[in-house]
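Engineer: Output the structure for:
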Amino acid sequence: MTLRADEVTLIEARRLRDMARGNVRTNLATLRRDLAERPLTARLREAAITTAVDTAENAIDLALENRAVLGGTLASVIGWLFRKPLGRLGHSGWTWVAHHWSQWRD
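Structural biologist: Below you'll find the model as predicted:
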């Protein structure tokens, strides 16, 4: 008995399906075994800590290479944090200079 072309195709498709199903089952078993050894939360925690440490090391390296940029950034942040007192100081200083300038001119 000979098989028709569509029957051969169907048999081949079933064979491939069964192989794929076996691969998925093997992968699921491997995943379950790995997760039993080390849970997902532990993996995520380790990945987060590693990423944070790498980021901190990169930031330190960048800061050491660009000290002028770091100093300018820190000065800008400090200036912004103390903007109101510095503004009052500047205003009172300008008023003092304007007052003495007008007295000197007269």
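Engineer: Relative to V8, how far out is T2?
Structural biologist: Using C-beta to C-beta, to the nearest Å, we find T2 at a distance of 10 Å from V8. Using the backbone N, CA and C atoms, a C-beta is placed for each residue, glycine as well.
Engineer: higher neighbour count, those two?
Structural biologist: V8 (11 against 5; other C-beta atoms under 10 Å).
Engineer: Quick check: next helix or strand after the helix or strand where that one lies?
Structural biologist: For V8, the element it lies in under DSSP states H and E is helix 5-37. Using DSSP H and E, the helix or strand that directly follows helix 5-37 along the chain is helix 40-65.
Engineer: which helices and strands sit right next to that following helix?
Structural biologist: Here helix 40-65 touches no other helix or strand, going by 3 or more C-beta pairs under 8 Å, 6 or more residues apart in numbering; DSSP states H and E.
Engineer: between it and helix 5-37, how many degrees?
Structural biologist: On the basis of axes from the mean of the first three to the mean of the last three C-alpha atoms, to 10 degrees, helix 40-65 is oriented at 70 degrees to helix 5-37.
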